[in-house]
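A.B. asks: Okay, here's the prediction I keep looking at, along with the sequence it came from:
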Amino acid sequence: MRNRKLLQVGIVVLLVSLVISACGGNKETASTTPSETAGGSNGAAAADGIKVGILHSLSGTMAISEVSVRDAELMAIEEINAAGGVLGTQIVPVVEDGASDWPTFAEKARKLISEDKVATVFGGWTSSSRKAMKPVFEELNGLLWYPVQYEGLEASPNIFYTGATTNQQIVPAVDWLLENRGKKMYLLGSDYVFPRTANLIIKEQLKAKGGELVGEEYTPLGHTDYSTIISKIKEAEPDIVFNTLNGDSNVAFFKQLKDAGISAQDLTTLSVSVAEEEIRGIGVDVLEGHLAAWNYYQTTDTPANAAFVANYKKKYGEDRVTADPIEAGYTAVYLWKAAVEKAGSTDVAKVKEAAKELEWDAPEGKVRIDGETQHIYKTVRIGEVQADGQFKELWNSGEAVKPDPYLKSYEWAASIQPSE
Amino acid sequence: MDVFILQLFNGISVSSILLLIALGLAITFGLMKVINMAHGELIMIGAYSTYLTQNLFHAYMPSSWFNWYFVISIPASFLIAFLFGLLLEVSLIRHLYGRPLDSLLATWGVGLLLQQLARSVFGAPNVAVTSPSWLNGGMRILSDVVLPYKRLFIVGLVAACLIAMYFYIYRSLEGRRMRAVMQNRDMAACLGVSTRRVDAMTFAIGSGIAGIAGCALTLMGPIGPSLGTYYIVDAFMVVVLGGVGKLVGTVLGALGIGVFNTMFEYWTNASLGKVLVFLCIVAFLQWRPSGFVAMRTRSLD
């Protein structure tokens, strides 16, 4: 009797999981055709293509952001393949799921390099995932392209950073705010490495530039009630809230800020983790008029961007939007391709050498790889959320800013040291 | 003074949200002793039901009716989560009564499945629910104190749910059967109560209330596949602190955690505030292991 019952349960669980995996599977193959051959069975396609790894969280809390970056990277690979591939060979993507779990990222990175023998890996989002993968890439001499803005203070010889470092996003944004929106600043962030490091830098900058710090708050990741924080902000009466909240907390914060009767006219907020994709999930009625600092917006006016946005929408649906990290992931694939072609090989050392000072017309404008730090030159842009969920650019840096992850060229930043 | 009133209101508001997410669990975990880790995902189902209702109204109803979608979405969320709960009970939970560890693992697995299902159906990014315009803004009681209508609405909704649950559990025939089965299953079965049906109904109602919580949460927070994970720990905390098996305990538990959390958060910061609340709960449970209100029962455990 007992056994029969267990059997029944087993069958039910099996059936349910089959159905679910079938649903997931369909979706997967529908959106990522090139990974079909590579996703499960590796080795088969090795003979006739260059394998590259794509390692993002496709499940778990970070999937919310990383799935779109994967989509953009696959699209870049598809475009390159359609145009004849790299070095006359097709690129074969091997897609792995980091599952929003940092040890998994390290493990999968090892698998991609040692077992699949990929030429390079595009992947990561959170700083924790990057820090988990970094030793693996350094040990096995792999090559990682990391597409997200981050807190700086790092330059691994085995990583190319195609997102902004602090002096290409946060530092110029603070300068702009102090000049245009007031001196009293309130720092609000999620409680982990990126906001804390970013705010360390901002505090030094405020001291040097005559700004005033009126409050600093951190909330746990996934925090959903901001009523008390909003009371505190009201009491501190800042001109500006500099927002380094990450992920879903932004939704709760902005919804509750609006309910408390505070609009963008009453209080300037500038976010560094809210892009077009997040606006869709928060609701534009809540965010209209608030500011963000990035290097790219869907509305950025370059010929390359018009084509990029059109292709992305054509491939993944009219309702999809592009955003800064999506563009950075797309750019990374093309930069790698250009470096490989210049080097005439996929060998890591040769590619790194060839990548130095390499230029490419990205959707965000002309970018150039800085040979010394392996970051890229990027234009800084401050945008305001419009009623259609897109950004209107209020200011840009005019030219691409040289990356300076250790802020060596800023006198006031002398006391900020890498945490490692 | 202004701040004091505002923080008092915030405390009550946080308590009401906690109570709403814990009410369903008070039934499935409190009464039925199922460690239901998929409770958060039932909340998520409620939130997505609201999203779907909104989209249906957008597509098929005149735009002047749009504001009333929320009124429909409350029963819709209840119903959809109710059906999911029923399915879950009949197909899985039923076979795991009296095996808490197995049911913990199984429901956790179900939670992961539901999350991935939502991701496949609705996509990984969050979706936006536009709150009806009659809930925008707030009541200005002092020059600097604004009570948002949404928070007031949630307090009202929780009160309504509580009253409805009270009448169902303590004043209806179905509720009496439910209590009988939960207190002494064998005796109830001897007296002719169909325990299987009662189990299924009870679990489904608990799930349905989680659905209502999900619907209300669309007003305040994110709507995404992993929404449930943000609330599940708080929900268990409320039920355990309140005392397993008693509605009034759950209310006290929610009030305690909500008010203290707001106070600590105001005095210190959000992370430390949460730590202090957890410390207080641990200390309290050391002193009274069965929570605020213990259930007295004659059956032998």
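C.D. replies: That came through fine.
A.B. asks: only C-alpha atoms for contact and neighbour calcs from this point on.
C.D. replies: Will do.
A.B. asks: how many other residues sit next to B:A76?
C.D. replies: Using other Cα atoms under 10 Å in any protein chain shown, B:A76 has 21 other residues around it.
A.B. asks: Output stretch B:9-28 in PDB, but only the C-alpha positions, please.
C.D. replies: Output of stretch B:9-28 as PDB, limited to C-alpha atoms (Å, rounded to 0.1, in the frame of the first residue of the first chain):
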ATOM      1  CA  PHE B   9       0.700  54.400  10.600                       C
ATOM      2  CA  ASN B  10       3.600  52.800   8.700                       C
ATOM      3  CA  GLY B  11       3.800  50.200  11.500                       C
ATOM      4  CA  ILE B  12       0.200  49.300  11.100                       C
ATOM      5  CA  SER B  13       0.500  49.300   7.400                       C
ATOM      6  CA  VAL B  14       3.500  46.900   7.400                       C
ATOM      7  CA  SER B  15       1.600  44.700   9.900                       C
ATOM      8  CA  SER B  16      -1.400  44.600   7.600                       C
ATOM      9  CA  ILE B  17       0.700  43.500   4.700                       C
ATOM     10  CA  LEU B  18       2.400  40.800   6.800                       C
ATOM     11  CA  LEU B  19      -0.900  39.600   8.100                       C
ATOM     12  CA  LEU B  20      -2.300  39.400   4.500                       C
ATOM     13  CA  ILE B  21       0.600  37.200   3.300                       C
ATOM     14  CA  ALA B  22       0.500  35.100   6.500                       C
ATOM     15  CA  LEU B  23      -3.300  34.500   6.600                       C
ATOM     16  CA  GLY B  24      -3.200  31.800   3.900                       C
ATOM     17  CA  LEU B  25      -0.300  30.200   5.600                       C
ATOM     18  CA  ALA B  26      -2.000  30.300   9.000                       C
ATOM     19  CA  ILE B  27      -4.500  27.900   7.400                       C
ATOM     20  CA  THR B  28      -2.200  25.600   5.400                       C
END
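A.B. asks: what's A:G261 in contact with, if anything?
C.D. replies: B:137-138, B:146, B:148 (Cα atoms under 8 Å, 6 or more residues apart in numbering or on different chains).
A.B. asks: Who wins on neighbours among those residues?
C.D. replies: Busiest of those [other Cα under 10 Å] is B:P148, holding 21 neighbours.
A.B. asks: OK, contacts around the residue nearest to that residue when sequence neighbours are not counted?
C.D. replies: Spatial nearest neighbour of B:P148, chain neighbours left out: B:G138 (3.8 Å); criterion: Cα to Cα, 6 or more residues apart in numbering or on different chains. Contacts for B:G138 (Cα under 8 Å, 6+ apart) come out as A:259-261, B:146-150.
A.B. asks: Could you export those residues as JSON lines, including pLDDT and distance to B:A189?
C.D. replies: As requested, the contacts of B:G138 are exported to JSON lines (pLDDT from 0 to 100; distance: Cα to Cα, whole Å):
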{"residue": "A:D259", "pLDDT": "89", "distance to B:A189": "51"}
{"residue": "A:A260", "pLDDT": "89", "distance to B:A189": "53"}
{"residue": "A:G261", "pLDDT": "88", "distance to B:A189": "56"}
{"residue": "B:V146", "pLDDT": "85", "distance to B:A189": "53"}
{"residue": "B:L147", "pLDDT": "90", "distance to B:A189": "50"}
{"residue": "B:P148", "pLDDT": "92", "distance to B:A189": "49"}
{"residue": "B:Y149", "pLDDT": "93", "distance to B:A189": "47"}
{"residue": "B:K150", "pLDDT": "93", "distance to B:A189": "44"}
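A.B. asks: tell me which of those is nearest to B:V121?
C.D. replies: B:K150 (28.5 Å; Cα to Cα).
A.B. asks: and that closest one, what is it in contact with?
C.D. replies: A:259, B:135-136, B:138, B:219-220.
A.B. asks: just the strands in the stretch 51-200 of chain B please.
C.D. replies: B:138-142, B:145-148 (DSSP state E, counting those that start in this stretch).
A.B. asks: Would you give the sheet partners of the last one, along with the direction of each?
C.D. replies: What it means is strand B:145-148. Paired with strand B:145-148 in the same sheet, following DSSP bridges, are strand B:138-142 (antiparallel).
A.B. asks: What residues sit buried inside the partner strand?
C.D. replies: B:G138 (16 or more other Cα atoms under 10 Å in any protein chain shown).
A.B. asks: Kindly report the same for stretch B:39-56.
C.D. replies: Within stretch B:39-56, the residues scored as buried using 16+ other Cα under 10 Å are B:39-54.
A.B. asks: Could you tell me the model confidence score at the nearest residue to B:V110 once chain neighbours are set aside?
C.D. replies: With Cα to Cα, 6+ apart as the criterion, B:V110 has its nearest non-adjacent residue at 6.2 Å, and that residue is B:A38. We have a pLDDT of 94 for B:A38.
A.B. asks: By mean pLDDT, point me to the weakest helix or strand of chain A.
C.D. replies: In chain A, no helix or strand scores lower on mean pLDDT, DSSP states H and E than helix A:35-39, which sits at a mean of 39.
A.B. asks: sorry, back to before: max pairwise distance over the contacts of A:G261: which two?
C.D. replies: B:G137 and B:V146 (8.6 Å).
A.B. asks: what sits in contact with each of these two?
C.D. replies: Common neighbours of B:G137 and B:V146 (Cα under 8 Å, 6+ apart) are A:260-261.
A.B. asks: hang on, the earlier thing: of the contacts of B:G138, just say which sits nearest to A:T331.
C.D. replies: A:D259 (38.9 Å).
A.B. asks: residues touching that closest one, list them.
C.D. replies: B:136-138, B:148-150.
A.B. asks: how does it look with 7 Å?
C.D. replies: B:136-138, B:148 (Cα atoms under 7 Å, 6 or more residues apart in numbering or on different chains).
A.B. asks: Any chance of a markdown table for those residues, columns distance to B:L6?
C.D. replies: A markdown table is the format used below for these (distance: Cα to Cα, whole Å):
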| residue | distance to B:L6 |
| --- | --- |
| B:N136 | 18 |
| B:G137 | 15 |
| B:G138 | 13 |
| B:P148 | 11 |
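A.B. asks: what's the most distant pair in those?
C.D. replies: Spanning the widest gap among the contacts of A:D259 are B:N136 and B:P148, at 7.5 Å by Cα to Cα.
A.B. asks: pull the helix or strand with minimum mean pLDDT from chain B.
C.D. replies: strand B:138-142 (a mean of 84).
A.B. asks: CA atoms only: put that one into CSV for me.
C.D. replies: The C-alpha trace of strand B:138-142 is given here as CSV (Å, rounded to 0.1, in the frame of the first residue of the first chain):
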residue,chain,number,x,y,z
GLY,B,138,-3.4,59.9,-0.1
MET,B,139,-5.3,61.4,2.7
ARG,B,140,-3.6,64.4,4.2
ILE,B,141,-4.4,64.4,7.9
LEU,B,142,-1.7,66.9,8.9
